[in-house]
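>>> A predicted structure for the sequence below; I have some questions about it.
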Amino acid sequence: MLSHKGIKAVLLGTVLLTSTACSANTGCDVEVFRCKSDTPKPITLTLCKLNNTFSLQQFMFDGTALDTGKPLTAVTKDSYHRFKVDEHSLTFVHNGQQIVLSEYFSAEFEPYVKTLSVTLQQGDTKHYVECDESAQSQLKTIKNGSYN
Amino acid sequence: MSSLRITQSVGIGGINNVNDIKAVQTALNTLLALIPATQKLAVDGRLGSRPENSKTVAAIQLFQRVVTGLVRPDGKIDVNGRTHRSINTKLNAAGGTVYQLPPVQASTPPTDADYAAIAQTLGCEVAAIKAVAEVESAGDAYFSNGKPKILFEAHIFSRLTNRAFDASHPNISSRTWNRSLYAGGIAEYGRLEEALKLNVSAALQSASWGRFQIMGFNYQACGYTTVEAFVRDMFSSETKQLDAFVGFIKHNSLDGYLKNKDWANFARGYNGPEYAANRYDVKMREAYEKYAKP
């Protein structure tokens, strides 16, 4: 029933990711999403929520450190669900690049699958990264809607 | 070529008349899009001294696996057998009777009378079915163009077509779920249309449909004999979508929980093991209390 596929975290039954409180000096109430992966391109990303705003505490992609710390604007939280499938996603634009953080869970077939991923899109160019097993997400605790 | 006519069997262990083999080679060449990676076959009426090693038999086996759906392709076409009929179905489609999605229809939401009739069928309170319908709904039933809301799942299409199109059509056929493949909203129909050209049944089964986003591959569980009939009802009305949802609930033996307002067990059965983390049971109870108010 439990398996691992690439850089996916695959769940056995109910695994609740516990809320990770950030230290005060990182300016963050809740670590909403953390992703690390070495393939296909290395990424390290940590998204924090402070009050009702989101900010990137860490963001490195393909060897380049990107701006962090500033509150993100035009953040949208959305979710999708059907029989035994849930996906929570958070979308924002960062330096002209649309970024989608996603937490997907499916009990549609066995083994159950949980995938945390980051999609970066600029124009027609898309990069898709599945996070490794150290990844964590609290996206399901964020209410759907727009955040500025 | 609108149909394949053979007088005797072709392939491994077949009679293998020259003209029959030529007819099969011609037919498969017409259907190359359905058996990716297969090169155009020479129409020479020959399978060689060892038919099992011939390109024609390899193409027959791939067609049997990908299109006919045989778990163990035998590489043989019997006259009017399953593979023969399957080839003719596809040739007919290629000849002009291509599957068309149903027309868009004006639809109104289910009425109180519709909910009352469903509640009576299930033996539950109207507030209970309204609560579940609200919480398990994925929002709107239709896009702004009147077509049912869909999401095309590449990992399901890959699964249903035995990975045959993963290499040739990576945007609509993927071994694993991949968030970046979604086009989103109405654009999902473009992905569905692309898949329909490859395998109609698998394409329709690989999308989730309507207000409750029921996957097409659940058509039998919803009470339909074909996925095409299921899709027709998804286009037809939101009430039909609700009927399919209710059929699906009954098929999964969740109606008893609905009757007893056992939200935790209903949510566990419908939403899976993460139901509590997503608070489906709480949402259903709250929705029920809202609808149960006099």
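Yep, that arrived.

>>> how about the helices in chain B?
In chain B, helices defined by DSSP state H lie at B:18-30, B:55-63, B:82-94, B:112-122, B:126-135, B:154-160, B:188-196, B:200-205, B:227-236, B:238-251, B:255-259, B:263-271, B:280-292, listed in chain order.

>>> neighbouring contacts of the last one?
Outside helix B:280-292, the residues within contact range by C-beta atoms under 8 Å, 6 or more residues apart in numbering or on different chains are B:125-128, B:130-132, B:134-136, B:261, B:263-264, B:266-268, B:270-271, B:275. Heads up, the C-betas are built off the backbone N, CA and C, glycines and all.

>>> can you check the shortest one too?
For helix B:255-259, the external contacting residues (C-beta under 8 Å, 6+ apart) are B:122-124, B:128-129, B:132, B:249, B:262-263, B:265-266, B:269.

>>> show the buried residues in these.
Buried members of those, counted by 16 or more other C-beta atoms under 10 Å in any protein chain shown: B:122, B:124, B:128-129, B:132, B:249, B:262-263, B:266, B:269.

>>> Serialize these to CSV and add fields for distance to chain A.
Output for the buried ones among the contacts of helix B:255-259, formatted as CSV (distance: C-beta to the nearest C-beta, whole Å):
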residue, distance to chain A
B:L122, 17
B:C124, 19
B:A128, 18
B:I129, 16
B:V132, 12
B:I249, 10
B:D262, 18
B:W263, 16
B:F266, 12
B:G269, 9
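
>>> what would those residues look like in JSON lines with pLDDT?
Listed next are those as JSON lines, based on pLDDT from 0 to 100:
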{"residue": "B:L122", "pLDDT": "93"}
{"residue": "B:C124", "pLDDT": "96"}
{"residue": "B:A128", "pLDDT": "96"}
{"residue": "B:I129", "pLDDT": "95"}
{"residue": "B:V132", "pLDDT": "94"}
{"residue": "B:I249", "pLDDT": "96"}
{"residue": "B:D262", "pLDDT": "98"}
{"residue": "B:W263", "pLDDT": "97"}
{"residue": "B:F266", "pLDDT": "97"}
{"residue": "B:G269", "pLDDT": "97"}
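
>>> can I get the residues you listed in JSON lines including distance to B:L151?
Below are the buried ones among the contacts of helix B:255-259 laid out as JSON lines (distance: C-beta to C-beta, whole Å):
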{"residue": "B:L122", "distance to B:L151": "27"}
{"residue": "B:C124", "distance to B:L151": "29"}
{"residue": "B:A128", "distance to B:L151": "27"}
{"residue": "B:I129", "distance to B:L151": "24"}
{"residue": "B:V132", "distance to B:L151": "21"}
{"residue": "B:I249", "distance to B:L151": "21"}
{"residue": "B:D262", "distance to B:L151": "29"}
{"residue": "B:W263", "distance to B:L151": "26"}
{"residue": "B:F266", "distance to B:L151": "23"}
{"residue": "B:G269", "distance to B:L151": "22"}
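
>>> now the chain, which segments are flagged as low pLDDT?
Went with chain A since none was named. A:1-27 (pLDDT under 70).

>>> wrong chain, I was asking about chain B
Ranges of chain B meeting pLDDT under 70: B:1-2, B:94-98.

>>> go ahead and flag the most central residue of the chain.
Just going to use chain A. A:L101 (3.7 Å; C-alpha atoms, centre = their mean).

>>> hmm, I had chain B in mind actually
B:Q205 (1.0 Å).

>>> my guess is that one meets B:E153, correct?
No: at 9.5 Å, B:Q205 does not count as touching B:E153 under the criterion of C-beta atoms under 8 Å.

>>> joint contacts of those two?
Common neighbours of B:Q205 and B:E153 (C-beta under 8 Å, 6+ apart) are B:M215.

>>> what sits closest to residue 128 if chain neighbours are left out?
Answering for chain A, as no chain was given. Leaving out its chain neighbours, the residue that sits closest to A:Y128 by C-beta to C-beta, 6 or more residues apart in numbering or on different chains is B:S180, at 3.7 Å.

>>> wrong one, chain B
B:L258 (5.3 Å).

>>> follow-up on the earlier one: name all residues that make contact with the residue nearest to A:Y128.
Here B:S180 is in contact with A:100, A:117, A:119, A:121, A:126, A:128 (C-beta under 8 Å, 6+ apart).

>>> count the neighbours of B:V200 for me.
17 (other C-beta atoms under 10 Å in any protein chain shown).

>>> from chain A, how far off is it?
22 Å (C-beta to the nearest C-beta, to the nearest Å).

>>> tell me the contacts of the closest residue to that residue other than its chain neighbours?
Excluding its sequence neighbours, the residue lying closest to B:V200 (C-beta to C-beta, 6+ apart) is B:Y99, at 4.5 Å. Contacts here follow C-beta under 8 Å, 6+ apart; on that basis B:Y99 touches B:93, B:196, B:200, B:228.

>>> for the stretch 101-250 of chain B, which residues are neighbours of chain A?
Selection of the stretch 101-250 of chain B residues close to chain A by C-beta under 8 Å from any C-beta of the partner chain yields B:136, B:138, B:151, B:176-180, B:208, B:212-215, B:218, B:248.

>>> which of the residues you listed sit farthest apart?
In terms of C-beta to C-beta, these reach their longest pairwise distance at B:S180 and B:F248, which sit 29.3 Å apart.

>>> burial count for the residue nearest to B:A128?
Neighbour tally, B:L258, other C-beta under 10 Å: 26.

>>> picking up where we left off before, mind listing what the residue nearest to the centre of chain B touches?
Going by C-beta under 8 Å, 6+ apart, the list of residues near B:Q205 reads B:156, B:160, B:215-217, B:219, B:227.

>>> mind picking the two most distant members of the contacts of B:Y99?
Longest span within these, C-beta to C-beta: B:A93 and B:E228, 12.6 Å.

>>> what do these two both touch?
With C-beta under 8 Å, 6+ apart as the test, B:A93 and B:E228 both reach B:99, B:200.

>>> shouldn't B:H155 be in contact with B:N178?
Yes: at 7.3 Å, B:H155 counts as touching B:N178 under the criterion of C-beta under 8 Å.

>>> which stretches of chain A form strands?
Listed in chain order, the strands of chain A (DSSP state E) span residues A:30-37, A:43-50, A:53-61, A:64-65, A:75-82, A:85-94, A:97-106, A:113-122, A:125-130, A:136-137, A:145-147.

>>> got the contact list for residue 74?
Picked chain A for this. By C-beta under 8 Å, 6+ apart, the neighbours of A:A74 are A:92-93, A:146, A:148.

>>> let's do chain B instead
Contacts of B:D74 (C-beta under 8 Å, 6+ apart): B:11-13, B:61, B:64.
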